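# I need the structure of the sequence given here:
(2 chains)
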Amino acid sequence: MSTMKQFRKMFLANLTMTLREKQAWFWGIFFPVILMVIFMVIFSGGSDDDFKVKVAAVADQSHEGSRMMLEQLKQIPVFDWVEEGFMTREDAETLVKEDEVAAAIVLPSAAGDTSLSLILNKEHEQNSTSMAVISMLNEYVQQANMMAAGVKPVFTLNVESVSAGSDDLKYQDFLLTGMIALSIAQGGLFGMVDMVEMRRKGLIKRLRMTPARMGLFGLSDMLMRLVFAIFQIILLSLIGVYGFGATLHIDLISLIIIFLIGALSFNAIGYFFSSFSKTTEAYMGIANITSFLMMFLSGVFFPIESMPGWLQPVSQVLPLTYFVSGLRDGMVYATGFMNGAFWLGIGVLTLWGCFAFMLGSLLYRNRSIAAR
Amino acid sequence: MTVLEVQSLRKSFGAVQAVKDISFSVEAGEIFTIIGPNGAGKTTTLEMIEGLVHPDGGRISYGGLSWDKDAEEIKKMIGVQPQSEAMFDLLTPQENLELFASFYEKPMSVIEIMDMVNLTEHRNKKVRVLSGGQRQRLAIGLAMVGDPQILFLDEPTTGLDPQARRNIWDIVRALKEMGKTTILTTHYMDEAEKLSDRVCIVDAGQVVAMDTPAALIGRLTKEREVRMTFLDGVSAALDMEQFAQGQTSVARIERTGKGLKLWTFKPEDALHALFGFTKERGYRVDQVSIREMSLEDVFISYTGKEWRD
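As a prediction, the model looks like this:
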């Protein structure tokens, strides 16, 4: 059929043009990959299991008691001792000042002495490593005191983390799904720059002078974008899973629903931008501001809950917030589509998409031409 | 057979009346050229005929079909090469042609078109890297791809070098041989004169003259300009100037140095008398010419405006 033939040609032409466009490769492939790798390395690399703190032990005069304490302290797996034995206070202070070690632990130097001291670098006094060392030493001192007093502890604390989904949710999973949502959203926000360029060059006018079906052309363009977005999902997932140990629990139905609604909505927003941008520069400016704001306010890199309270209502209206969380439902939590939060997200995204599309169409129609 | 009829077309943009009253009809197989100074309303007229702009008044009929009722039918009949470079830069000429061919039910062969517009050897380059002339030829190819009855070529040679212009003239002539009707606008008078079957001069939104180029030129005043220079220098020119002033066939004279310009309604009589005088005095004539009237003179006489390329 000629409609199918026309559609196939249009789809292939759109695909060929996208693959030949360097910008599409950069913003669609390299940029999200690089951004994800950077965030993965900074925020998840070397955290969890292999958290180590370099420390030094100081005792002016080593005696039986301090040697025993050192042996006990060495049982704490987090501490990484720079020297097997003791060093002098001066040497240890130098190491702390030069950031060679995070802390120096001063042990009692005489039999009657019972105080422990901790030497920290003033610049890092408040950071999480120092805090961790302080609390671990406190814990040790308390236990030592109880043992000395012959008291058995009544209460013990076991720390467990829980999340809504599977128990093995990691930051990698969180970031990976955030990045996938971000790159699909950006594909829509930036991708419609073609429309501005086509209008500027008179190509839309030109196509309308042929019997070409413009609706079909738009549809083929949309399908090409969806195919490109699926490629982005697969690529980012592969890098996340095999490069950074992310774990995915995919619920296919909810993933497909949120993917289609999200991709269409963000393309509609891009379409709206294209309807009032006279130049590609103007379009790119608007798309950049929008995507930059949403990137940090929609829980892509960090949970929304960690933002200041007054900022959170802003997140609650942004479409990316719902796309990110819906995509997480479909890719890591595997909560399925039978829950209210998921459909609330779908609803907000659909609303955004329809509104943007209608407004864009209205603006396009206002400058329309006689030939339909 | 009339393929296109335009009657009393009108269009205003705000307070500006771009097209006041334009009527003409185009016969099958002819090359019909619309010329006019900038801002005369050529582009607006063309865009109304191509269905891009809705006229405020008047009628456009493609053998009985109108844009209001038969837009889809008309789109299949016409092929448009717009002024802007409306094509896909990231695709090759062949890919552009194949894409456009898919819009039509009975397209021409893409291979044949590439051969005709001389792009076969560039068919796999991206349009982005093509020269201006190559892009213009592709634009004409894209207008041809639906095998239309009527082609609109809007200033197809503007900005091209002489060789590239001649290539496009060849394509336009080939289209005529194929029996196509071509509606052309141009900035170049020589082009209109050489290519057109009929020329329509538009000024200030109205048709001021319409006929074959030869008939338009024939309508001009019969006064001709004769130029002469002498090998014997200024004295010969001065002597000749005095002689010519006494001749009834010469209307007026201008002399600059050893060159003479004179205007006459009877060039045969004037030249006979002038050469009789040179022979009598033994003056040696260096150069002599009678300037031919061109479409440019027609244009100037009808619009009162100098033509600027």
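
# So which bits of the helix or strand harbouring residue A:177 are buried?
With the criterion set as DSSP states H and E, the secondary-structure element containing residue A:177 is helix A:171-191. Residues of helix A:171-191 classed as buried under the neighbour-count rule (16 or more other Cβ atoms under 10 Å in any protein chain shown) are A:171-191. (Glycine included, C-beta is placed from N, CA and C.)

# again, but for stretch B:101-110
For stretch B:101-110, using 16+ other Cβ under 10 Å, the buried residues are B:101-104, B:107-108, B:110.

# Could you pick out which of those are located in helices?
Mapping the buried residues of stretch B:101-110 onto helices (DSSP state H) picks out B:101, B:110.

# Show me where the chain dips below the pLDDT cut-off.
Since no chain was named, I'll use chain A. In the prediction, chain A carries residues with pLDDT under 70 at positions A:1, A:44-51, A:61, A:156-169, A:336, A:367-372.

# Oops, wrong one, chain B.
Along chain B, the model assigns pLDDT under 70 to residues B:305-309.

# In it, what residue spans correspond to helices?
Secondary structure of chain B (DSSP H): helices located at B:42-49, B:67-77, B:93-101, B:110-116, B:132-144, B:162-177, B:189-195, B:213-218, B:234-245, B:267-281, B:295-303.

# Next, format the ones you listed as JSON lines and append distance to chain A.
Rendered in JSON lines, the data for these read as follows (distance: least, Cβ to the nearest Cβ, whole Å):
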{"stretch": "helix B:42-49", "distance to chain A": "8"}
{"stretch": "helix B:67-77", "distance to chain A": "5"}
{"stretch": "helix B:93-101", "distance to chain A": "5"}
{"stretch": "helix B:110-116", "distance to chain A": "12"}
{"stretch": "helix B:132-144", "distance to chain A": "8"}
{"stretch": "helix B:162-177", "distance to chain A": "18"}
{"stretch": "helix B:189-195", "distance to chain A": "23"}
{"stretch": "helix B:213-218", "distance to chain A": "29"}
{"stretch": "helix B:234-245", "distance to chain A": "56"}
{"stretch": "helix B:267-281", "distance to chain A": "49"}
{"stretch": "helix B:295-303", "distance to chain A": "28"}
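
# need the ones you listed in TSV with distance to residue B:33, can you?
Shown next, in TSV, are the helices of chain B (distance: least, Cβ to Cβ, whole Å):
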stretch	distance to residue B:33
helix B:42-49	10
helix B:67-77	20
helix B:93-101	25
helix B:110-116	21
helix B:132-144	15
helix B:162-177	10
helix B:189-195	5
helix B:213-218	9
helix B:234-245	39
helix B:267-281	29
helix B:295-303	10
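
# Those helices: which one's closest to residue A:314?
Across these, residue A:314 has its closest neighbour in helix B:93-101 (43.7 Å, Cβ to Cβ).

# Just the CA trace of that closest one, in PDB.
As requested, the backbone C-alpha atoms of helix B:93-101 are provided in PDB (Å, rounded to 0.1, in the frame of the first residue of the first chain):
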ATOM      1  CA  PRO B  93      20.100  14.000  -3.500                       C
ATOM      2  CA  GLN B  94      19.000  10.500  -4.200                       C
ATOM      3  CA  GLU B  95      17.500  10.000  -0.700                       C
ATOM      4  CA  ASN B  96      15.700  13.400  -1.000                       C
ATOM      5  CA  LEU B  97      14.300  12.500  -4.400                       C
ATOM      6  CA  GLU B  98      13.200   9.000  -3.200                       C
ATOM      7  CA  LEU B  99      11.500  10.500  -0.100                       C
ATOM      8  CA  PHE B 100       9.600  13.000  -2.200                       C
ATOM      9  CA  ALA B 101       8.800  10.300  -4.800                       C
END
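
# and that helix with helix B:132-144, angle?
Using axes from the mean of the first three to the mean of the last three Cα atoms, to 10 degrees, the direction of helix B:93-101 lies 20 degrees away from that of helix B:132-144.

# what packs against helix B:93-101?
Using 3 or more Cβ pairs under 8 Å, 6 or more residues apart in numbering or on different chains; DSSP states H and E as the contact criterion, the secondary-structure elements in contact with helix B:93-101 are helix A:2-20, helix B:110-116, helix B:132-144.

# Run through who's touching it.
With Cβ atoms under 8 Å, 6 or more residues apart in numbering or on different chains as the test, helix B:93-101 has contacts from A:9-10, A:13, A:16, A:210, A:212, B:87-88, B:91, B:107-108, B:110, B:113-114, B:119, B:122-125, B:127, B:130, B:134, B:138, B:141-142, B:145-146.

# repeat that with 6 Å
Here helix B:93-101 makes contact (Cβ atoms under 6 Å, 6 or more residues apart in numbering or on different chains) with A:9, A:13, B:87-88, B:107, B:110, B:113, B:119, B:123, B:138, B:141-142, B:145.

# cool, stretch B:285-297 as well?
Among residues not part of stretch B:285-297, those counted as contacts by Cβ under 6 Å, 6+ apart are B:189, B:192-193, B:213, B:217, B:220, B:224-231, B:267, B:278, B:307.

# same question, stretch B:139-146
By Cβ under 6 Å, 6+ apart, the surrounding residues in contact with stretch B:139-146 are B:79-81, B:97, B:100-101, B:104, B:107-108, B:113, B:117, B:151, B:171.

# at 8 Å instead, please
The list of residues contacting stretch B:139-146 from outside it, by Cβ under 8 Å, 6+ apart, reads A:210-211, B:76, B:79-82, B:85-87, B:93, B:96-97, B:100-101, B:103-104, B:107-108, B:110, B:113-114, B:116-117, B:119, B:151-153, B:156, B:168, B:171, B:175.
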